[in-house]
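>>> predicted model and sequence below, questions to follow.
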Number of protein chains: 2
Amino acid sequence: MTDRTPKTERGRRTMRRLLDAAAAEFGERGYHDAAITSITQRAGVALGSFYTYFEGKEALFRALVRDMSHAVRYHIAHELRGVTDRLTAERRGLEAYIGFVRRHKALYRIIEESQFVAEDVYREHYRVFIEAYRDGLRAASGRGEISEGQDEVRAWALVGMSVFLGMRYGVWGEDMSPAEVAEAAGALIAHGLAPRRGAA
Amino acid sequence: MTDRTPKTERGRRTMRRLLDAAAAEFGERGYHDAAITSITQRAGVALGSFYTYFEGKEALFRALVRDMSHAVRYHIAHELRGVTDRLTAERRGLEAYIGFVRRHKALYRIIEESQFVAEDVYREHYRVFIEAYRDGLRAASGRGEISEGQDEVRAWALVGMSVFLGMRYGVWGEDMSPAEVAEAAGALIAHGLAPRRGAA
């Protein structure tokens, strides 16, 4: 695959419009029914120009998954600026994630569908997420902010938790606020299910 | 949809063979490329007989998701017979789940694909799982075996954890045993990430 990263500011804006239009089109219609002509129309970009940016539908879809994956991580990192304590970061990160999902409901359909369209980018999405999570847990246990544990397993467990809470309280229903969900799950993440000492 | 549940033992065996063949076919080829003729061949069932059991491919797929959903829950419940303590049940249940996934690798592809083929059965699968989980947590906190908490949120969090650990250590790789994964995740489920009191 040739590198078609735009070199000019105008090119970057056009690519951004194509990715946003692709998110809407793939999110509404799914991969198989999505049409490049519909995406270029949504984006206000000529069909001929499209091919200077992407080789075709699959290349666009792959770029979109990577773009969304990056956007989620960037958003959470941005929301966590200045938070130094890991347990606070877990709760606030979850709140930021559920909020992001509510504003970008196409996210789940597209990430989930990627396992059938381009499984490598689906796996890459989670592997990148997990590696950063695992390293963050390791550093936090080194600083004594959290207990020691098997950080790869803990990272998968915590990411799975977030993905399912985002599906339930971000996409399927909004009967609890992101802060309420994060508060309830944050207690589980911090203290687990074991009865608290000193509790009745 | 008419009720086509077989009335005879022979009919039940034929339906079982069709469901097992469907799991293999849908698991290998995915919903769109799967063929009824290939499923009846795998099952050793005449094509004409197929339609006395299922209206068509989608009806078979829906029945298969419900069948797998039931099989997972049945297997875990069976493995947990005699376990009365909830924290032990969490760890042993996770171990049983990952073991089941390893022996039934088609499970993930089929459950995941159901969100695009028949989203209602996908949601039903998780709702049934979650309701049982939530009620189990509520009963256990009533008995004082676990802390009190928001049990619906905790159920979604714990199911998400299991699904992701099953994907990573059941389907993608077997570099840790189900018991090792359950031990590591069980510590997180029981005690959370907070530093243990009395630890250095």
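All right, it came through fine. Numbering: from 1, shown residues only, chains lettered A, B, ... in the order given.

>>> so the residue nearest in space to the middle of chain A is in which element?
In chain A, the centroid-proximal residue (CA atoms, centre = their mean) is A:Val72; its distance is 3.9 Å. Element membership for A:Val72, per DSSP states H and E: helix A:57-79.

>>> what's the mean pLDDT across that helix?
Mean pLDDT, helix A:57-79: 96.

>>> which helices and strands does that helix pack with?
helix A:9-33, helix A:36-43, helix A:86-103, helix A:106-117, helix A:119-142 (3 or more CB pairs under 8 Å, 6 or more residues apart in numbering or on different chains; DSSP states H and E). Where you see a C-beta, it was placed from the backbone N, CA and C, and this is true even at glycine.

>>> at 6 Å what do you get?
Judged by 3 or more CB pairs under 6 Å, 6 or more residues apart in numbering or on different chains; DSSP states H and E, the packing partners of helix A:57-79 are helix A:9-33, helix A:86-103, helix A:106-117, helix A:119-142.

>>> next, the angle helix A:9-33 makes with that helix.
Using axes from the mean of the first three to the mean of the last three CA atoms, to 10 degrees, the inter-axis angle of helix A:57-79 relative to helix A:9-33 is 110 degrees.

>>> buried ones in stretch A:46-66, by neighbour count?
Under the neighbour-count criterion of 16 or more other CB atoms under 10 Å in any protein chain shown, stretch A:46-66 has A:Phe50, A:Tyr53, A:Phe54, A:Lys57, A:Leu60, A:Phe61, A:Arg62, A:Ala63, A:Leu64, A:Val65, A:Arg66 buried.

>>> ok, A:Glu25 to A:Asp33 distance?
To A:Asp33, A:Glu25 is 9 Å away according to CB to CB, to the nearest Å.

>>> who has more neighbours, those two?
A:Glu25 (25 against 10; other CB atoms under 10 Å in any protein chain shown).

>>> ok, the more buried one - contacts?
Shown in contact with A:Glu25 (CB atoms under 6 Å, 6 or more residues apart in numbering or on different chains): A:Ala34, A:Ser38, A:Ile39.

>>> quick revisit: skip the chain neighbours and tell me the closest residue to the residue nearest to the centre of chain A.
Counting by CB to CB, 6 or more residues apart in numbering or on different chains, A:Val72 lies nearest to A:Phe100, which is 6.2 Å off, once chain neighbours are set aside.

>>> surely the one you found touches A:His75?
Yes - using CB atoms under 6 Å, A:Phe100 is in contact with A:His75, at 5.0 Å.

>>> sorry, back to before: need the helices and strands packed on helix A:57-79 in a markdown table with distance to B:Leu87, can you?
Below are the helices and strands packed on helix A:57-79 laid out as a markdown table (distance: least, CB to CB, whole Å):
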| stretch | distance to B:Leu87 |
| --- | --- |
| helix A:9-33 | 40 |
| helix A:86-103 | 21 |
| helix A:106-117 | 31 |
| helix A:119-142 | 22 |
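
>>> need these in CSV with mean pLDDT, can you?
Listed next are these as CSV, based on pLDDT from 0 to 100:
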stretch, mean pLDDT
helix A:9-33, 95
helix A:86-103, 97
helix A:106-117, 93
helix A:119-142, 96
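
>>> which of those helices sits closest to B:Arg13?
Ranking those by proximity to B:Arg13 (CB to CB) places helix A:106-117 first, at 32.3 Å.

>>> what is the closest one packed up against?
By 3+ CB pairs under 6 Å, 6+ apart, helix A:106-117 packs against helix A:9-33, helix A:57-79, helix A:119-142.

>>> and the last one, what's buried?
What it means is helix A:119-142. A:121-122, A:124-126, A:129-130, A:133-134, A:136-138, A:140-141.

>>> same question for the longest one.
Neighbour-count burial for helix A:9-33, counted by 16+ other CB under 10 Å, picks out A:Thr14, A:Met15, A:Arg17, A:Leu18, A:Leu19, A:Ala21, A:Ala22, A:Ala23, A:Glu25, A:Phe26, A:Gly27, A:Tyr31.

>>> now do it: distance to the chain's middle.
Its chain's average C-alpha position is 17 Å from that of helix A:9-33, according to CA atoms, centre = their mean, to the nearest Å.

>>> what's the angle from it to helix A:106-117?
70 degrees.

>>> which bits of chain A sit near chain B?
Counting by CB under 6 Å from any CB of the partner chain, chain A comes close to chain B at A:146-147, A:149-150, A:153-154, A:156-157, A:160-161, A:163-165, A:168, A:181, A:184-185, A:187-196.

>>> drop anything exposed from these.
Buried residues within these, defined by neighbour count using 16+ other CB under 10 Å: A:146-147, A:149-150, A:153-154, A:156-157, A:160-161, A:163-165, A:168, A:181, A:184-185, A:187-193, A:195.
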